[in-house]
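# What shape does this take:
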Amino acid sequence: MASDRPVLEARSRLDGFNADRERVLREVERRVVERITARAAGGGDASLEYVLNDVCVCEIKRLEAAGKDAGRWRELAGRLGGLSPAALAGELRQLVAHYGKDIVGNFDPRVYRFATKVLTPGLGFLFAPMQSVTGGVGGLLAELDSRIQVEGPLEELRALAERGTLVVTPTHSSNMDSVVIGLALERAGLPPVTYGAGKNLFTNPFISFFMHNLGAYRVDRRLRFELYKDILKEYSTVLLESGYHSLFFPGGTRCRSNIIEPSLKLGLLGTAVTAYGNLAAAGGAHKRIYVVPATINYRLVLEAETLIQDYLAETGKSRYIITDDEFSRLGRIVEFLRKILVHEGAVVIRFGRPLDPLGHDVDDDGQSRDRSGRVVDLRSYFVGADGRFRADEQRDAEYTRLLGRRLVQAFPRESVFHATTVVARAVFDRLCVTAGTRDIYRLTRLPPGREVPVADVIAGLGALRAQLAARPEAGRLHHRVASAGDAATLDDALRALGSYHRHPVLERKGDVVRIGDVPLLYYYQNRLAHLPVEVRP
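Residues are numbered from 1 along each chain as shown. Have a look, this model is predicted:
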């Protein structure tokens, strides 16, 4: 819990990052250029001309589709066939250097101290009820602690952060996640991390200032060519080898449906495997990397309306691209903070037990353990029959898949369910029974104002409590829900679901609950979609 927060601040390895940044970029450039040049020696699709042409084609398509000038790339594409190997290598080096500088992050200890010493109490005031908070800064911090709660084996994680490098891997529901996980790390006494953030998030000057100075590096998801992906992965690998604590959202972008991620994008996650293999090959097998699953659990989600409409349009095979959402509007963020996060435990961040880069459990002493509890020698997984270390992309990809499967197992187990989630699931289950379908597209075409008896919702809540109690691997109830009765839980959820969104999701009308927004009801209940359906007519 947040009360476990140590008095001393966690040591930040990022304090020295700016002085180290040029070395990191040079190392990324050297590795990427050497690897591609070595592949090019084999000819075929690995040739330098092919790699550069892939960049040109992708950029021409992207820019011209957006109505922008692609003359630079057309000019380069036209010259490629007449360039010598040395000239091709020069063009490659220039591109790697360019995109590396575009990606690289920044960390300003002064901004970090300001954010933790000034903004954190300020957020405590923002989250507080309308009446003034007594107790000065201490009271404001206590106010924040009650709103954003941190759970998990925090003492053990603090010790591991001193022994090795942490890779925090949270679920991803909102653009607020980066802010929330940063606060959670600070409240837990864990060090700040470097992380990749979509370049679109840097368009807001206020938010961009803090992201740019607090360890975020830019990820331009518009760039689809393989060279950019290689540079991005190598940047992450070098950071981990250098001992910089990192954060990846292994689900990739925000989960539009609000389902706990059942599958992951393994690109950046695989850099933890590669980094450890590189360290072991260089004689640094004692330098450990620890992967920490985490869940971010919201009472309500800032961008829920936009996200679920995007999801339904995408799965319904419509073309729908988010160009603006609630996170881009500062007023909407403030409204979210003031109206939603005033509730105790409105956001719960739960850290799970750490894993090693191959997915083994890690004990409190930082040792990897297999399923039988025996100590695992990770070094042995990266050597051949002759005892020598060898690079093997196929092997490392399989190790990454193993790690991904362990994270997918951990996410439901470490999830915390608010009243809004369990009530939405209970109402949705009963709606599906009366409608005779669980198909969301059919449900959205039902006449508006469908109603569910309060008694049925209460019964559904009791059944969900029993299911979760019997399935600890499926997650846990928020402590307020666990200690409250079903009627109080229903009232709590109705207050939230009936007040924040543009249209009430649910409202009580006497002895029935009226459904005002089926897509949002579906969105909130999806957090429990992994729980089997047991409701019968």
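# switch to C-alpha atoms for all contacts and neighbour counts from now on
Will do.
# which intervals of the stretch 151-300 of the chain have sub-threshold pLDDT?
Across the stretch 151-300 of the chain, residues meeting the criterion (pLDDT under 70) sit at 285.
# Run through the protein and note the low-pLDDT ranges.
1-12, 43-45, 116-146, 285, 317-345, 535-537.
# ok, so what distance separates the residue of it most remote from its centre from Ala419?
The centre of the chain is farthest from one residue, Gly82, which by Cα atoms, centre = their mean lies 44.5 Å away. From Gly82 over to Ala419 the distance is 66 Å, taken as Cα to Cα, to the nearest Å.
# residue ranges for the strands of the stretch 351-500 of the chain, please.
Counting by DSSP state E, counting those that start in this stretch, the segments of the stretch 351-500 of the chain that form strands are 361-362, 368-369, 416-417, 451-453, 476-477.
# same question, the stretch 201-350 of the chain
Under the criterion DSSP E, counting those that start in this stretch, the stretch 201-350 of the chain carries strands at the ranges 216-219, 246-247, 289-298, 347-351.
# strands paired with the first one, and their directions?
Strand partners for strand 216-219, identified by DSSP bridges, are recorded as strand 194-198 (parallel).
# Contacts made by stretch 444-452 with the rest, please.
By Cα atoms under 8 Å, 6 or more residues apart in numbering, the surrounding residues in contact with stretch 444-452 are 427, 430-431, 512-516, 518-519.
# Tell me the one among those nearest to Gly182.
The closest of the contacts of stretch 444-452 to Gly182 turns out to be Pro519 (Cα to Cα; 30.3 Å).
# Now do whichever strand or helix holds that closest one: which elements does it pack against?
Secondary structure assignment for Pro519, by DSSP states H and E: helix 518-525. The helices and strands touching helix 518-525, judged by 3 or more Cα pairs under 8 Å, 6 or more residues apart in numbering; DSSP states H and E, are helix 304-315, helix 419-435, helix 440-444.
# now with 7 Å?
In terms of contacts (3 or more Cα pairs under 7 Å, 6 or more residues apart in numbering; DSSP states H and E), helix 518-525 is packed against helix 304-315, helix 419-435.
# List the buried residues for the longest helix along the chain?
In the chain, assigned by DSSP state H, the helix with the most residues is helix 17-40. Along helix 17-40, the positions that meet the burial threshold by neighbour count (16 or more other Cα atoms under 10 Å) are 17-18, 21, 24-25, 28-29, 31-33, 36-37, 40.
# From those residues, pick the one nearest Gly100.
With Cα to Cα as the yardstick, the closest approach to Gly100 among these comes from Leu25, at 6.4 Å.
# I figured the closest one hits Gly100, correct?
Yes - between Leu25 and Gly100 a contact is recorded at 6.4 Å, counting by Cα atoms under 7 Å.
# ok, back up a step: backbone phi and psi for the residue farthest from the centre of the chain, please?
Torsion angles at Gly82 (phi, psi; degrees, to the nearest 10) stand at phi -100, psi 0.
# And the strands in the stretch 1-150 of the chain?
Under DSSP E, counting those that start in this stretch, the stretch 1-150 of the chain gives strands at 148-151.
# for it, what spans make up the helices?
17-40, 48-65, 71-79, 85-103, 109-114, 120-127, 136-147 (DSSP state H, counting those that start in this stretch).
# could you redo those helices as CSV and give each row distance to Gly316?
Compiled in CSV, those are given as follows (distance: least, Cα to Cα, whole Å):
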stretch, distance to Gly316
helix 17-40, 40
helix 48-65, 24
helix 71-79, 35
helix 85-103, 34
helix 109-114, 43
helix 120-127, 38
helix 136-147, 37
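# what's the most buried one of these?
Taking mean count of other Cα atoms under 10 Å as the contact definition, the stretch among those with the greatest mean neighbour count is helix 120-127, which reaches a mean of 21.
# Pretty sure Tyr298 sits against Val347.
Yes - counting by Cα under 7 Å, Val347 is a contact partner of Tyr298 at 4.7 Å.
# For the contacts of stretch 444-452, which single residue is the most surrounded?
Val427 (26 neighbours; other Cα atoms under 10 Å).
# Around Val219, how many other residues sit close by?
Neighbour count of Val219, defined by other Cα under 10 Å: 20.
# about what we covered before: and the helix holding Pro519, how far from the chain's centre?
The chain centroid and the centroid of helix 518-525 are separated by 21 Å, computed with Cα atoms, centre = their mean, to the nearest Å.
# now for the helices and strands packed on helix 518-525, which one comes closest to Ser242?
Across these, the minimum distance to Ser242, taken as Cα to Cα, is reached by helix 304-315, at 36.4 Å.
# buried ones in the closest one?
Within helix 304-315, the residues that qualify as buried by neighbour count (16+ other Cα under 10 Å) are 304-305, 307-312.
# Same check on stretch 269-284?
By 16+ other Cα under 10 Å, the buried positions in stretch 269-284 come out as 269-281.
# cool, stretch 215-232 as well?
215-220, 225, 227-232.
# so how far is stretch 29-44 from its chain's centroid?
Taking the mean C-alpha point of stretch 29-44 and that of its whole chain, the gap between them comes to 32 Å (Cα atoms, centre = their mean).
# Alpha carbons only: can I get that stretch in PDB?
This file holds the C-alpha atoms of stretch 29-44, laid out as PDB (Å, rounded to 0.1, in the frame of the first residue of the first chain):
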ATOM      1  CA  GLU A  29      24.300   4.000 -34.500                       C
ATOM      2  CA  ARG A  30      27.300   1.700 -34.400                       C
ATOM      3  CA  ARG A  31      25.300  -1.500 -33.700                       C
ATOM      4  CA  VAL A  32      22.500  -0.800 -36.200                       C
ATOM      5  CA  VAL A  33      24.900   0.200 -39.100                       C
ATOM      6  CA  GLU A  34      27.200  -2.800 -38.400                       C
ATOM      7  CA  ARG A  35      24.300  -5.300 -38.300                       C
ATOM      8  CA  ILE A  36      22.700  -4.100 -41.400                       C
ATOM      9  CA  THR A  37      26.000  -3.800 -43.300                       C
ATOM     10  CA  ALA A  38      26.800  -7.400 -42.300                       C
ATOM     11  CA  ARG A  39      23.400  -8.600 -43.500                       C
ATOM     12  CA  ALA A  40      23.900  -6.700 -46.800                       C
ATOM     13  CA  ALA A  41      27.100  -8.700 -47.400                       C
ATOM     14  CA  GLY A  42      24.700 -11.600 -48.100                       C
ATOM     15  CA  GLY A  43      22.800  -9.700 -50.800                       C
ATOM     16  CA  GLY A  44      19.100 -10.300 -51.500                       C
END
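# what sits up against that stretch?
Taking contacts as Cα atoms under 7 Å, 6 or more residues apart in numbering, the residues outside stretch 29-44 that touch it are 46-48, 93, 96-97, 231.
# residues in contact with stretch 57-66?
With Cα under 7 Å, 6+ apart as the test, stretch 57-66 has contacts from 69-70, 73, 224-225.
# ugh, typo on my part, it should be stretch 93-101
When contacts are taken as Cα under 7 Å, 6+ apart, the neighbours of stretch 93-101 outside the stretch itself are 25, 29, 33, 231.
# can you check stretch 161-172 too?
With contact meaning Cα under 7 Å, 6+ apart, stretch 161-172 is reached by 243-251, 254-255, 287-296.
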